[in-house]
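Novice: curious how this folds, go ahead:
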Amino acid sequence: MKKWCFAIGIVWGCLSVAAGQDMDKKFQRQFQVIKELVRQRNYDAAIQVLDKMGNDAGRYAEFSFLRADIYDRLGDTDREIEAIHQGLLLDSVHYTNYYYFLGECYFGRGDYVNARQNYKLYLERDTKLSRKEAANHRVINCDFAQKALMTQEKRPVELYIGSDKDVYWPSLDVTGRTVLYTCLDKGNEDIWSYRDGAGIPLNFNTTEGNEGTQSLTADGQMMYFTGCERPDSRGSCDIYVAYRISDTLWSEPINLGYPVNTDAWEAQPAVSADGTKLFFASTRQGGKGGSDIWFSTLLQRNPDGRQLWSQPKPLYFNTSGNEMAPFLYYDGRVLFFASDGYPGMGGMDIYRVDLDSLNEPENIGITVNSYKNEMGFVVDATGRWGYFSSDLDGTKNIYRYELEDFLRCQEMAYLHLITENEEGEKVVPDRLLVIHPEKGDTLAYYDGVYAPAEMLSCVPAQSLLLLSVQKGGYLYYSDTIHVGRADYAHPQTRVIVLKKIRKEASQVLNGIFFDVDDYSLRPESRFELEQLVEFLKNNPSVKIEIAGFTDNSGSAEYNEHLSDARAFEVYKYLFVNHIKKERMSYKGYGMAHPVASNETETGRARNRRTEIKIMN
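Specialist: Residues are numbered from 1 along each chain as shown. Below you'll find the model as predicted:
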């Protein structure tokens, strides 16, 4: 990337100044010859002309700055720096803006001391200060970088995926067994899968366009990625979704369409574990800078695989610089992203934010961040290992390292969920939800389009969750599930048995919660109640009884009154949500009909319950 490329614009303008200073007409003609060669990108010939001029070219600063511009285009930073120094020795009064360019050269190689010195000279000596804001930001970056190098320690890294091609942007499912990455070969980007130590290109990669910067749902069954210059693109790059068919085969990609994709650049998606939230980078109008990170929620999946998303909104931490390359951790709370708008080591650095607390972005440190551009950072489901790409060996490879304590994320587990009928036959649900009732987070969302009979749900370790299943013709299913420590070799399995709707069939509402000796519904009960409302609306002919039960603590009269009041609270909620009273009745049975022994706390907890019973 060119650091300043000033010759075609600024230095040509400088010629009028030089002419006023009696530059020989012969040198003016030479200058025009070199200018034309640069415009033709014939840089070698331009350098040859400068070399032939010898000491004569050294009489004028303009030729030195022109030489510096050519070396910048050739990527020869050493000679570029030498040429700028020579130009400033010849004239540091009229060309003080070149101190800024010199600072850029040093900054671009991680020499923060010399970079800072030259940015300060530019700020002190230049009268126009057209790059004042950028120079001040660079000084802040230099101070940050010098302090980071003195106070931080690089952690050891290990090679994760190596290749003779540039490979970057790793993506993992919650099990760690599905690994995808982006591969750059001869200017073309493709998505590859990594299995058994070898890379395999995906079936939908094209030769005409670029596919890359992919993101997986936690179960590895849906992939969102950037596609550029594909036939159905709205802009230069759009975001697509593909569904997994087998271990190595993916469906034909589907453009997400408006409002996610516009005529602008949309790229680098990060999908939530359950596939209902999408973060991405875009240059669309309404942002704060060149590129911003935007957020959208899933509204609908259609049977043909197409999806409808909400109108995207920009995130709070966007700056007038560039924010891009988001990665959302499996908990849906911690977001990593790349930015050049915050103090950092240079170029694009990786930062961490907590979307719940809306904290100030935190630089993740010098193990990953350097004076180069860093993007495509991810953390696996253990919360302990970070993955990133680097050209430590001259080619971009993917590395991993154990995160510092302040960067570690919550350990995630996963559930293997199987839905069956009472005969033991596999049943595909219309909808399955896993909800964290205390936090209100949806951890898994399988609908009629995206719901097999066996599913994988990414959930926090050491948590109590609500499991809800809907299926036409079947009784609504509800249960709580306790998740212990993550065991990636032996995941917790839950078989969900769906009962046909029939008279006298009953269902315990495990997601209904009351405080001790109280009949007011606790806030986390709303998730269960919402599913019950949906079940009744989907089955308009069904009539139910809402039954409340207690354990044997207290008198029979007190327990009957308490259980009746609790059943009424559920009845009232359903009525307020447009379930006709003719379809419902309620009754409190107190301590009658226990389902477990009242001799233990576990048994008493089971007896304190709310049920629905089909009455017709």
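Novice: helix, strand, or coil at the closest residue to T550 other than its chain neighbours?
Specialist: The spatially closest residue to T550, leaving aside those adjacent along the chain, is N559, at 4.2 Å (Cβ to Cβ, 6 or more residues apart in numbering). Where you see a C-beta, it was placed from the backbone N, CA and C, and this is true even at glycine. Classification of N559 by DSSP: H, G, I helix; E, B strand; the rest coil places it in helix.
Novice: quick check: N559 touching N598?
Specialist: No - the pair N559 / N598 is not scored as a contact, 11.4 Å apart, by Cβ atoms under 8 Å.
Novice: who's more crowded, the two?
Specialist: Taking N559 and N598 together and counting by other Cβ atoms under 10 Å, N559 has the greater number of neighbours (22 against 15).
Novice: if I look at the more buried one, how far off is L90?
Specialist: Note on N559: its distance to L90, by Cβ to Cβ, to the nearest Å, is 97 Å.
Novice: right, and the helix or strand after the lowest-mean-pLDDT helix or strand in the chain?
Specialist: Sorted by mean pLDDT, DSSP states H and E, the helices and strands of the chain end with helix 12-20, the least confident at a mean of 45. Past helix 12-20, heading to the C-terminal end, the next element that is a helix or strand (DSSP states H and E) is helix 25-39.
Novice: would you pull up how far that next one lies from the middle of the chain?
Specialist: Taking the mean C-alpha point of helix 25-39 and that of its whole chain, the gap between them comes to 50 Å (Cα atoms, centre = their mean, to the nearest Å).
Novice: from the contact counts, what lies against it?
Specialist: The elements that helix 25-39 packs onto, with contact taken as 3 or more Cβ pairs under 8 Å, 6 or more residues apart in numbering; DSSP states H and E, are helix 12-20, helix 43-53, helix 61-74.
Novice: can you list the buried residues in it?
Specialist: Applying a neighbour-count criterion of 16 or more other Cβ atoms under 10 Å, one finds 27, 30-31, 34-35, 37-38 buried in helix 25-39.
Novice: with only the CA atoms kept, save that helix in PDB.
Specialist: Taking C-alpha atoms only, helix 25-39 is exported to PDB below (Å, rounded to 0.1, in the frame of the first residue of the first chain):
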ATOM      1  CA  LYS A  25      15.100  24.800 -18.300                       C
ATOM      2  CA  LYS A  26      17.100  21.700 -19.100                       C
ATOM      3  CA  PHE A  27      16.200  20.300 -15.700                       C
ATOM      4  CA  GLN A  28      12.600  21.300 -16.200                       C
ATOM      5  CA  ARG A  29      12.500  19.200 -19.400                       C
ATOM      6  CA  GLN A  30      14.200  16.300 -17.600                       C
ATOM      7  CA  PHE A  31      11.600  16.600 -14.900                       C
ATOM      8  CA  GLN A  32       8.800  16.400 -17.500                       C
ATOM      9  CA  VAL A  33      10.400  13.300 -19.000                       C
ATOM     10  CA  ILE A  34      10.600  11.500 -15.600                       C
ATOM     11  CA  LYS A  35       7.000  12.600 -14.800                       C
ATOM     12  CA  GLU A  36       5.800  11.000 -18.000                       C
ATOM     13  CA  LEU A  37       7.700   7.700 -17.200                       C
ATOM     14  CA  VAL A  38       6.100   7.600 -13.800                       C
ATOM     15  CA  ARG A  39       2.700   8.100 -15.200                       C
END
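Novice: can you pull the contacts of the residue most central in space within the chain?
Specialist: Nearest to the centroid of the C-alpha atoms of the chain, with distances taken as Cα atoms, centre = their mean, sits F327, at 2.6 Å. Residues counted as contacts of F327 (Cβ atoms under 8 Å, 6 or more residues apart in numbering) are 215, 270, 335-337, 376-379.
Novice: burial of the residue lying closest to it once chain neighbours are set aside, as a residue count?
Specialist: Spatial nearest neighbour of F327, chain neighbours left out: F336 (4.5 Å); criterion: Cβ to Cβ, 6+ apart. Here the count is done by other Cβ under 10 Å, and F336 has 26 residues near it.
Novice: tell me how far F336 lies from E374.
Specialist: In this view, F336 and E374 are 10 Å apart by Cβ to Cβ.
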